[in-house]
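Visitor: Got a predicted structure plus its sequence, pasted below:
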Amino acid sequence: MKFIDLFAGLGGFHQALVQRGGECVFASELNEHLAGLYEKNFGIRPAGDIRSVDLSAIPEHDLLCAGFPCQPFSKAGDQKGLECPQWGNLFDYVVAILKLKQPRFFIIENVPNLIRHNRGKTWSIICDQLKAAGYAISFERLSPHMFGIPQKRERAFIVGDRHGLSNFAWPIPDDIPQTSIRSVLDDDPPEAQGLNGDHLRYLETWQEFVAAFPKDQHLPSFPIWAMEFGADYPLDGLTPHARGYRRLGKFKGAFGMPLAGLSPQQAEAALPSYARTTLDHFPAWKIDFIAKNRAFYA
């Protein structure tokens, strides 16, 4: 089975498919550092930007794999989606190759927010384009921890087959196995670098937090920003920088530190690093994360 690896990154698709007897006949990766690692690991130098590749010169293949850039669809970005001027049109190249080369299969992955982006409209457009290219498609949200790997990293996967998917089923386990980070750690790795005292205290504090968390509750899906625990500096309107640090005396900064009586420089230093932006307004996604953390702390 011959496959191509688009937006290849470190080569996750490559590693999996070679273990199943596949042969990679073409790879593409824009980032030079990642392309170098890919070549070192797999002996193939990926082509650069897919937008500069002669698509007709891509070798014939049975399976197309693509993890096209997730930044336009991630909750942590601007969510410009298919309209993103830098990355939004890259999915079009996937569709163009599918139409031109007509491999029987494809596997595509992206962040799970792709399904919900723009109230589902982006997902509908993507699915419609894949169907129009001649494929029966199916999609699912999967995470490594579902298969015994100690990592929670949910991703949206789409598979396609030009001959139909009547005999296909997602390999979702009936029970999620118990996992431990210890299963993938070496006891005595060569050239290991030890953690310093600060990092050990961070880990101990987070472990104490997780142990104290109610067992019948799920930890939040959003990033936990502990510096917002007790903070109430203003989010709406102007940022602290634009407002002026002298005018923050009635508020609290990181970890609930009172800002009253502090000089402008001290008040700035008492805020979380991500709140010291020189922008006039916080982006909506940042306000959302901060508000959720404050509500979670309350």
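Guide: Structure's in. What do you need?
Visitor: Helices of the stretch 101-250 of the chain, residue ranges please.
Guide: Per DSSP state H, counting those that start in this stretch, the stretch 101-250 of the chain carries helices over the ranges 113-116, 121-132, 197-212, 240-243.
Visitor: which of these is buried the deepest?
Guide: helix 113-116 (a mean of 19; mean count of other Cβ atoms under 10 Å). C-betas here are computed from N, CA, C, even on glycine.
Visitor: mean confidence for it?
Guide: Over the span of helix 113-116, the pLDDT mean works out to 70.
Visitor: Let me see the ranges of the strands in this protein.
Guide: In the chain, the strands defined using DSSP state E lie at 2-6, 23-28, 63-66, 105-110, 136-142, 155-161.
Visitor: Redo the ones you listed as TSV? Include mean neighbour count, mean pLDDT and distance to Phe91.
Guide: Formatted as TSV, these follow (neighbours: other Cβ atoms under 10 Å; pLDDT from 0 to 100; distance: least, Cβ to Cβ, whole Å):
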stretch	mean neighbour count	mean pLDDT	distance to Phe91
strand 2-6	23	95	10
strand 23-28	20	95	14
strand 63-66	24	95	8
strand 105-110	21	92	9
strand 136-142	15	92	14
strand 155-161	19	92	11
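Visitor: okay, these in CSV with distance to Ala295 next?
Guide: Below are the strands of the chain laid out as CSV (distance: least, Cβ to Cβ, whole Å):
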stretch, distance to Ala295
strand 2-6, 40
strand 23-28, 43
strand 63-66, 37
strand 105-110, 28
strand 136-142, 25
strand 155-161, 27
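Visitor: right, so of those strands, which gets closest to Ile50?
Guide: For these, proximity to Ile50 was assessed by Cβ to Cβ; strand 23-28 is nearest, at 4.7 Å.
Visitor: angle of the closest one against strand 2-6?
Guide: Here the directions of strand 23-28 and strand 2-6 differ by 20 degrees (axes from the mean of the first three to the mean of the last three Cα atoms, to 10 degrees).
Visitor: right, and the helices of the stretch 101-250 of the chain - which one's nearest Ser52?
Guide: helix 121-132 (22.0 Å).
Visitor: Return the list of helices and strands in contact with that closest one.
Guide: Contacts defined by 3 or more Cβ pairs under 8 Å, 6 or more residues apart in numbering; DSSP states H and E place helix 121-132 against helix 90-101, helix 113-116, strand 136-142, strand 155-161.
Visitor: mind putting the ones you listed in TSV, distance to Ala254 included?
Guide: As requested, the helices and strands packed on helix 121-132 are arranged in TSV below (distance: least, Cβ to Cβ, whole Å):
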stretch	distance to Ala254
helix 90-101	38
helix 113-116	28
strand 136-142	34
strand 155-161	32
